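S.K.: Could you work out the structure for the sequence below:
(chains A, B and C)
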Amino acid sequence: MGIYDSLNLEQKKGVETVEGPVLILAGAGSGKTRVLTHRVAHLIHDLGVSPFNIMAITFTNKAAGEMKERIDNLVGMGSEGIWVATFHSSCVRMLRRFADRIGYDTNFAIYDTDDSKALMKEVCKYCNVDTKQYKERTFLNEISSAKNELINEEMYASQNSADFRKEIFIRVYREYQARLRANNAMDFDDLIMKTVELLKYQTDVLKFYQDRFHYIMVDEYQDTNTAQFELVRLLASGRQNLCVVGDDDQSIYKFRGANIYNILNFEKHFPDATVIKLEQNYRSTGNILNAANSVIANNVGRKEKKLWTENDEGDKVHFEMLESAYEEADYIVRDIVRQNRNGKYGFGDSAILYRTNAQSRILEEKFIFEGVPYKIVGGVNFYARKEIKDLLSYMKTVNNSRDDLAVQRIINVPKRGIGQTSISRAMDFAINNDLDLFEALEHTDRIPNLGRASSKIEPFVELIHELRQISANEGVLALINAIIEKTGYVEELKAEKTEEADARIENINELISKVVDYEQNAEEPTLNGFLEDVALVADIDSLDESVPQVVMMTLHAAKGLEFPNVYLSGMEDGLFPSFMSITGDESEIEEERRLCYVGITRAMKRLTMTGAKTRMVRGETHYSSISRFVKEIPNDYLEGNTWEPKPRNYMDAPVDAAPKKSMKGAPLAAQTYKKQSFGTKIAKNDLDYTVGDRVRHMRFGEGEVVDINEGGRDYEVTVEFDTAGRKKMFASFAKLQKL
DNA sequence: GGTTTGAAACTTTTT
DNA sequence: GTTTCAAACC
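M.R.: Numbering: from 1, shown residues only, chains lettered A, B, ... in the order given. Sure thing, here's the model as predicted:
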């Protein structure tokens, strides 16, 4: 055949085992996408399976697009019939087709995080929730977790009926769902949950899709949540030809509901499953791979596997601890410039990864200063910008005027003299009469106490009617142009003549390009389809790797990518692992460690880790020590400078109320540099507190030391806090101050 | 009803 | 340090 010759034995097994449940445990860089694409080719070419009967599910559009392209290269004609899509867009496709079964219009809106939050705000107001006591976020998180576990508002109510503290959650969940439905809208989690409900309760629909999908493949299986598992299980429950590919060591989305037991217990869910392990890494040098292995080895409860490679050892991983975040950025950017000048690694070969989006700013400033081409993935989402949301809300209103949220956003943009009072009166009238806001606005004469405002509302209603005509007759591009022209949106920005306004106009032009692109490439372009594409994009989808530019992104966004030359920045305890995860609960540290493993394994040839001793966080100077993950890499694979604070100085270092001048003061001057001193142990007598002492923690407040235990390279201190309760923490980063 | 100002919260990761 | 939100002012 030829096309399978380049596969190793295990990969071949993954390609050829097509009947029944299959779990492919694919370590980082072990060629899992190759296996998936060749598997599809094998099904079509060798087994004569119709492309129409094959489904492949991914998490991002980028992954789906790449898989499509690679399948296309192998299979050629006919591959268009394969259903390759993300979880969310697959669900939307099924839901649109059978929307009437669950009481929705086929052009239902998809609410992003901002929309959900805006809706929740209204719900809280309506339910008289004291948002000082409960934040909107709290409810949204609770509801999201429930939906990820397939608990709808009714089940939630009955499960928590005995708990009076949950009463408010029950009311808010119910009201939130009621409003989504009234707005003909679903949030991200609804898309999955409602599809599962559709398949579960409409047996003919389930049969319809089971008859269509004979072979189902799921990528990044370790990141699926319970709802996604159930979706896949239902679809595959007939023929059982389900192949999932994943790596439990790369499970990094627990905070979003991912259930690691989906992959750990796959053989329990599917007892006759074939398990295939891909352990040969083709991506990284020996040193990089060994560094990754030694970090991840500290996690317990993982599937046993050890990645190996035939690649050269390569250079050791380099570590550099800098004085400040500015120097860190300077170090990285200058190194990138030097590598580029030497012709070793071009700008497009290099990527900088970090734990939090906030870290990108300093780097960006340096790149601009040095004139290096760069691209930041993530951060403020393009579609979250004000001007984009405004224009999209016009389009959403035209598409689905039941979406009250969209109508409210644009009713006074640009200013039409319709204020909050008038909107509230119209809203009240709408709710009392069971109408949509837009329907109410179409009958202003019947809204009480509206007064002069009705003369201002009428032209707005008229405008939407006109736009609706244009959309229906001339398409999406004509619509957006008409919106811009008739509202004078861009005119107004031009008149401002500020840099910010120019940037907004730039963004609007980019949105127009996206419309043009959509109309040219979509099979059957519709307004609804465009809005759907827009709602389901991920930040990473916009990354074009063929452009020679340095890429910066979070470690989360980097999953699935690879670069010859990688920088992991901000390797400091408290930043990475995140302060939020240092609670004493080891499973949270383990999730961070997996994230670190993902980061290291992105590197092919050269890996540099950096950290900063001081860093401004929210306007305050923070002092940090080297990330524990760096210390987990033996010197056999790691080289570079390090900095170990003397504990006494460390304790005395200003933590909370650092005087700004103290940057050059005594504590820092007394700190020492050491070469190769990873894992230096803090001596017990260097702690200036002992059991029974009162101490202060920057986050948990005051408390009493209950216990001090030796734990590896550090001391584990147990403190009974007055308000925060009992916490276990490590002495070197807990920054406990004796009182 | 709209605009300006100051305080308060915020940041871990996202389809 | 930045963004968001409310109160006070126009």
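S.K.: Name the secondary structure element that contains residue A:706.
M.R.: For residue A:706, the element it lies in under DSSP states H and E is strand A:701-711.
S.K.: mind showing which ranges of the stretch 501-650 of chain A have poor pLDDT?
M.R.: A:642-650 (pLDDT under 70).
S.K.: rerun that using 50 as the cut-off
M.R.: A:643-650 (pLDDT under 50).
S.K.: list the contacts for the one residue in it that gets nearest to DNA strand B?
M.R.: Going by CB to the nearest atom of the strand, DNA strand B is nearest to residue A:538 of the stretch 501-650 of chain A, at 2.7 Å. C-beta here means a position set from N, CA and C on the backbone, and glycine is covered the same way. Residue A:538 makes contacts with A:59, A:60, A:61, A:62, as judged by CB atoms under 8 Å, 6 or more residues apart in numbering.
S.K.: go on, residue A:547?
M.R.: A:348, A:373, A:375.
S.K.: Setting aside sequence neighbours, what's the nearest residue to the last one?
M.R.: What sits nearest to residue A:375 in space, not counting adjacent residues and going by CB to CB, 6 or more residues apart in numbering, is residue A:549, at 4.8 Å.
S.K.: Close to DNA strand B: what parts of the stretch 401-550 of chain A are there?
M.R.: Contact residues, the stretch 401-550 of chain A versus DNA strand B (CB under 7 Å from any atom of the strand): A:412, A:415-422, A:453, A:536, A:538-540.
S.K.: typo on my end, it should be the stretch 101-250 of chain A
M.R.: Counting by CB under 7 Å from any atom of the strand, the stretch 101-250 of chain A sits next to DNA strand B at A:112, A:113, A:135, A:137, A:188, A:189.
S.K.: Does the first one touch residue A:383 like I think?
M.R.: Yes. Using CB atoms under 8 Å, residue A:112 and residue A:383 qualify as a contacting pair, with a distance of 7.1 Å.
S.K.: which residues do those two both contact?
M.R.: Counting by CB under 8 Å, 6+ apart, the residues touching both residue A:112 and residue A:383 are residue A:535.
S.K.: Neighbours of residue A:165, how many?
M.R.: 7 (other CB atoms under 10 Å).
S.K.: Residue A:382 is in contact with residue A:542, correct?
M.R.: Yes. Applying CB under 8 Å, one finds residue A:542 in contact with residue A:382, separated by 7.4 Å.
S.K.: And the residue of chain A closest to DNA strand C?
M.R.: Residue nearest to DNA strand C within chain A (CB to the nearest atom of the strand): residue A:619, separated by 2.7 Å.
S.K.: Please enumerate the strands of the stretch 251-400 of chain A.
M.R.: A:274-278, A:280-281, A:308-309, A:317-324, A:350-354, A:374-376 (DSSP state E, counting those that start in this stretch).
S.K.: Of all the ones you listed, which one comes closest to residue A:518?
M.R.: Closest to residue A:518 of these, according to CB to CB: strand A:374-376, at 21.8 Å.
S.K.: can you list contacts of that closest one?
M.R.: Contacts for strand A:374-376 (CB under 8 Å, 6+ apart): A:347, A:360, A:363, A:364, A:367, A:543, A:547, A:549, A:550, A:551, A:552, A:553.
S.K.: State the distance from the first one to residue A:340.
M.R.: Residue A:347 sits 6 Å away from residue A:340 when distances are taken as CB to CB, to the nearest Å.
S.K.: Which neighbours do these two have in common?
M.R.: Joint contacts of residue A:347 and residue A:340 (CB under 8 Å, 6+ apart) are residue A:372.
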